[in-house]
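**Q** Just need the structure, nothing else, for what follows:
(3 chains)
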Amino acid sequence: MSSTTASKTLQAILPGDFSNEDFRRAKLAEIDASCRTPVLFFFVSGLLWLLAGTLFALVASIKLHTPGFLAGWESLTFGIVRTVHLNTVVYGFCSQAAVGVAIWLMCRLCRVPLVAPGIVTVANLFYNVGVTVGIGGILAGDSTGIEWLEMPRYATPILFVSYALIAVWTIITFRLRAERHLYVSQWYLLAAVLWFPWLYGTAQVMLIVEPVRGVVQAAVNWWFAHNVLGLWFTPIGLAAIYYFIPKVIGRPIHSYYLSVLGFWSLALFYNWNGMHHLVGGPLPAWMITVSIVASVMMLIPVLTVAINHHSTMIGHFGKLRHSPTLRFIVFGAVSYTLASLQGVLSALRSFSEVAHFTHHTVAHAHLGMYAFFAMVMFGSMYYILPRITGREWPSNALISVHFWGVAIGIVLYVVVLSAAGLQQGRMMNDPTVKFLDVVKFTIPYLQIRTVSGLLLALGHAAFVVNFGWLLVRMFAPYRKPVVSILAGAEIASPSGK
Amino acid sequence: MSYGPLLFLGILFTLASSWVGLVLMPQRQLGALGQHTDTNTAAVYPQARAGEAQQGAEHYRALGCVYCHTQQVRPEGYGADIARGWGRRRTVSRDYIHDKPVMLGTMRTGPDLTNIGERQSDYSWHYKHLYNPQITSAGSVMPPYPFLFETRPIGPMGPSTNALALEGAFAPAPGHEVVPTLRARQLVEYLRSLKSSGDLPEAPVKKEEAQ
Amino acid sequence: MPVITLILLGSIVLLPAAALLSLRWASRSGQLGRFDRAALLPFDEEEPVGRATDQILGDNRR
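**A** Below is the predicted model:
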């Protein structure tokens, strides 16, 4: 394990008789400091979009059971505000949190500082311009009408430039690595940043630039949309879980062999799942069947990962009490397993006959994107932010409000809406039940979903306040030396301990 | 598992497999689908959409109707799509060759609209339903679209011929009328054009139903 | 036979073959053997195995 590059830099700045120990500690701090600006930009902008997305979510949720709410505003009509919510949280928050986490993880695992971090910050600026233009376009009525790709064509090249820069920078960091061996998280991160531009580029070309004819659009659409989940968000989420569980509890992952199996089986099967969104639809049966088979095969990577993570955690569940990161990460890991099992079930024709087109699908989407992915992102941010800013979280109380608010909120959301959706589906499959009666049945459950949304909003507010406070402290002078989590990085503290 | 090029190749080949299988192969199989000409009647199906209806499709897209309404009829016996009268046969790939974008939909907060043009072709029903769904469908959660209509004072020549006949709480202020804008007209033309029950070799309509 | 069919059939044969060959190469060159070492990569001298981190909540600020 060489520390030549980092050590040389430090030697130049800090002359004197420093032991190797000091250099190694300082190296970790140096790596963290090198990615501070871009990672902070991604996290801050991501969280601002989360706040906006939460607001749009509440508006959309209320409209679905109280259609007269804000009904006069064209830009807020359900069909638009729901779309804006999705794009804001997926591309505004989740993707930016993902990139911030990915950069930090890659630098840490490659044991090398981020080179030319300014370029990554530029990528972030491009990204936010792209998202702003895209969201503005949808609000103005320019939605493409293609799910998960609604941003109009004048916004997407801006985003593509950003994704390309991020991919290139990840590969450069990887090539400059000081650590020759690769950890499982690095495979997932490399895979994600290489897969996503390919997915995005194909979808843009075949659906928007030169649209293919007829239902081939649906095939491309759902190949893209499902792979955003499976090949962009899931790998980054898993990369974070594989790093943070061992890191927090202080023990390595239970079986590295299982993680190899998990990675390759995910890479092989996940990308074939897309057509399970079209069961019963106007596409050749072979395509749908292939996707159903691939969906069932997902049991292999999902159970592999579940066994691995659970075995690693055994004997250490007590640490959940003391580590916010571990709480969010473990919640996310369990949700990943549950979401995937629900997904396998939903892909089967007999289950799909009932659950397709119902709120069950919406609940499933939130189990995956929120209970798994967003929670893992929160957990990662709780770990990363103190280390790149050199400050502790100002308020433990706010951390608890955040965790319990969103945990209870999302469990309520998913459980209630999944059950309601299944019953909705059963009623829809009974032709003697009038359609308006099916609608009437869902209303109380949609109201409960709004309540759960308020809990999620409360949690987000607590997080943003705590984060803002931490940022303020970053610019304010020290009042006391930072010891509890940064022991070993005292070289950063002016008190000289 | 520490060898970069090996990892890169694996990443490439795995996504390439589904790119070939789920993107390129369907394009090859279905990309050149054309209209079908009935040998007996010389009827061509599906017909391209007329100008106003195509404009209406753009409004359908922009307003996000697809997020609550599907446009796909599942096979007989699978779900209750046909039993509910949403279509006389299942929809197949050929039904969508003129659509840009194809808006199959994934949610049925509202009913499927594949054949709404056959079920409900009355202009005034559609205008009232869009203006405020509660008028025609009490208890619906569909949002009202008042911005697709213009509420204006009744002119000296009397009420317009296309003014909506609204009563009670839905009626405008006295001396005012509600008329559809161009967008509303185009959207309704689009909805009235939604009919996918043409007989096709790959999806014949059941003989006792065919006219 | 049209070109695209040839390409498709070719890929169905070549892609899995390439994957299997890569696996064989990886196994022979010892890529799959260093698992224990690799699992320790998140740890280093500063944050070694056996030391929990991020224990900041509760009465346990350390």
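**Q** A:P444 and A:V296: what is the separation?
**A** Noted for A:P444: a distance of 34 Å to A:V296, by C-beta to C-beta, to the nearest Å. C-beta here means a position set from N, CA and C on the backbone, and glycine is covered the same way.
**Q** what helices or strands is the longest helix anywhere in chain C leaning on?
**A** Counting residues, the longest helix in chain C under DSSP state H turns out to be helix C:3-28. Secondary-structure packing of helix C:3-28 (3 or more C-beta pairs under 8 Å, 6 or more residues apart in numbering or on different chains; DSSP states H and E): helix B:4-18, helix B:25-30.
**Q** The first one: how far from the chain's middle?
**A** Spelled out, it's helix B:4-18. With C-alpha atoms, centre = their mean, to the nearest Å as the basis, helix B:4-18 stands 39 Å off its chain's centre.
**Q** CA-only coordinates of that helix in PDB, if you can.
**A** Written as PDB, here are the backbone C-alpha positions of helix B:4-18 (Å, rounded to 0.1, in the frame of the first residue of the first chain):
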ATOM      1  CA  GLY B   4      -9.400  -3.200 -14.300                       C
ATOM      2  CA  PRO B   5      -9.700  -4.300 -17.900                       C
ATOM      3  CA  LEU B   6     -11.500  -7.500 -16.900                       C
ATOM      4  CA  LEU B   7     -14.000  -5.500 -14.800                       C
ATOM      5  CA  PHE B   8     -14.500  -3.100 -17.700                       C
ATOM      6  CA  LEU B   9     -15.200  -6.000 -20.200                       C
ATOM      7  CA  GLY B  10     -17.700  -7.500 -17.800                       C
ATOM      8  CA  ILE B  11     -19.500  -4.200 -17.300                       C
ATOM      9  CA  LEU B  12     -19.600  -3.800 -21.100                       C
ATOM     10  CA  PHE B  13     -20.800  -7.300 -22.000                       C
ATOM     11  CA  THR B  14     -23.500  -7.500 -19.400                       C
ATOM     12  CA  LEU B  15     -25.300  -4.300 -20.500                       C
ATOM     13  CA  ALA B  16     -24.600  -5.100 -24.100                       C
ATOM     14  CA  SER B  17     -26.600  -8.400 -23.700                       C
ATOM     15  CA  SER B  18     -29.800  -6.700 -22.800                       C
END
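**Q** Flag every buried residue along it.
**A** Under the neighbour-count criterion of 16 or more other C-beta atoms under 10 Å in any protein chain shown, helix B:4-18 has B:6-7, B:10-15, B:17-18 buried.
**Q** so, in contact with chain B or not, stretch A:45-56?
**A** No - using C-beta under 8 Å from any C-beta of the partner chain, stretch A:45-56 never reaches chain B; the gap is at least 12.7 Å.
**Q** which parts of the stretch 251-400 of chain A sit against chain C?
**A** For the stretch 251-400 of chain A, the contact set with chain C under C-beta under 8 Å from any C-beta comprises A:251-253, A:256-257, A:260, A:319, A:321-326, A:382-383, A:392-393, A:396, A:399-400.
**Q** Next, give me the two most distant ones among the buried residues of helix B:4-18.
**A** Within the buried residues of helix B:4-18, B:L6 and B:S18 form the most distant pair, 20.2 Å apart (C-beta to C-beta).
**Q** quick revisit: could you say what helices and strands the next helix or strand after the longest helix of chain C packs with?
**A** Next in sequence after helix C:3-28, counting helices and strands by DSSP states H and E, comes helix C:35-39. With contacts taken as 3+ C-beta pairs under 8 Å, 6+ apart, helix C:35-39 sits against helix A:256-269.
**Q** what inclination does the helix it packs on have with respect to helix B:4-18?
**A** In terms of direction (axes from the mean of the first three to the mean of the last three C-alpha atoms, to 10 degrees), helix A:256-269 departs from helix B:4-18 by 40 degrees.
**Q** Now narrow the buried residues of helix B:4-18 to whatever sits close to chain C.
**A** When C-beta under 8 Å from any C-beta is applied, the members of the buried residues of helix B:4-18 adjacent to chain C are B:6, B:10, B:13, B:17.
**Q** Spit out the contact partners of A:R327.
**A** Shown in contact with A:R327 (C-beta atoms under 8 Å, 6 or more residues apart in numbering or on different chains): A:320, A:379, A:403.
**Q** in stretch A:59-73, what's buried?
**A** Neighbour-count burial for stretch A:59-73, with 16+ other C-beta under 10 Å as criterion, is recorded at A:59-67, A:70-71.
**Q** Quick check: phi and psi at A:E147.
**A** The phi and psi torsions at A:E147 (degrees, to the nearest 10) take the values phi -60, psi 130.
**Q** Filter the residues of the stretch 251-400 of chain A next to chain C down to the ones in helices?
**A** Among these, the ones falling in helices (DSSP H) are A:256-257, A:260, A:324-326, A:382-383, A:396, A:399-400.
**Q** Out of those residues, which is nearest to chain B?
**A** Nearest to chain B among these: A:V260, at 5.8 Å, using C-beta to the nearest C-beta.
**Q** pretty sure the closest one contacts A:L182?
**A** No - A:V260 lies out of contact with A:L182 (C-beta atoms under 8 Å); the separation is 10.8 Å.
**Q** To what extent is whichever residue of the stretch 1-150 of chain A sits closest to chain B buried, counted in neighbours?
**A** Nearest residue of the stretch 1-150 of chain A to chain B, counting by C-beta to the nearest C-beta: A:G79, 2.1 Å away. A:G79: 22 surrounding residues under other C-beta atoms under 10 Å in any protein chain shown.
**Q** For it, give me the pLDDT.
**A** If you check A:G79, the pLDDT there is 96.
**Q** List the residues that contact A:A267.
**A** A:A267 sits next to A:191, B:10-11, B:14-15 when contact means C-beta under 8 Å, 6+ apart.
**Q** Please write out the alpha-carbon positions of stretch B:153-167 in PDB.
**A** The C-alpha coordinates for stretch B:153-167 follow below in PDB (Å, rounded to 0.1, in the frame of the first residue of the first chain):
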ATOM      1  CA  PRO B 153     -69.400  37.600 -20.100                       C
ATOM      2  CA  ILE B 154     -72.200  36.700 -22.400                       C
ATOM      3  CA  GLY B 155     -72.000  39.000 -25.400                       C
ATOM      4  CA  PRO B 156     -74.800  41.200 -26.900                       C
ATOM      5  CA  MET B 157     -75.700  38.500 -29.400                       C
ATOM      6  CA  GLY B 158     -76.600  36.000 -26.600                       C
ATOM      7  CA  PRO B 159     -74.900  32.800 -25.400                       C
ATOM      8  CA  SER B 160     -72.300  31.100 -27.700                       C
ATOM      9  CA  THR B 161     -73.400  27.900 -29.400                       C
ATOM     10  CA  ASN B 162     -70.600  26.000 -27.900                       C
ATOM     11  CA  ALA B 163     -71.100  27.300 -24.300                       C
ATOM     12  CA  LEU B 164     -71.200  24.500 -21.700                       C
ATOM     13  CA  ALA B 165     -74.600  23.800 -20.200                       C
ATOM     14  CA  LEU B 166     -73.700  24.100 -16.500                       C
ATOM     15  CA  GLU B 167     -76.100  24.000 -13.600                       C
END
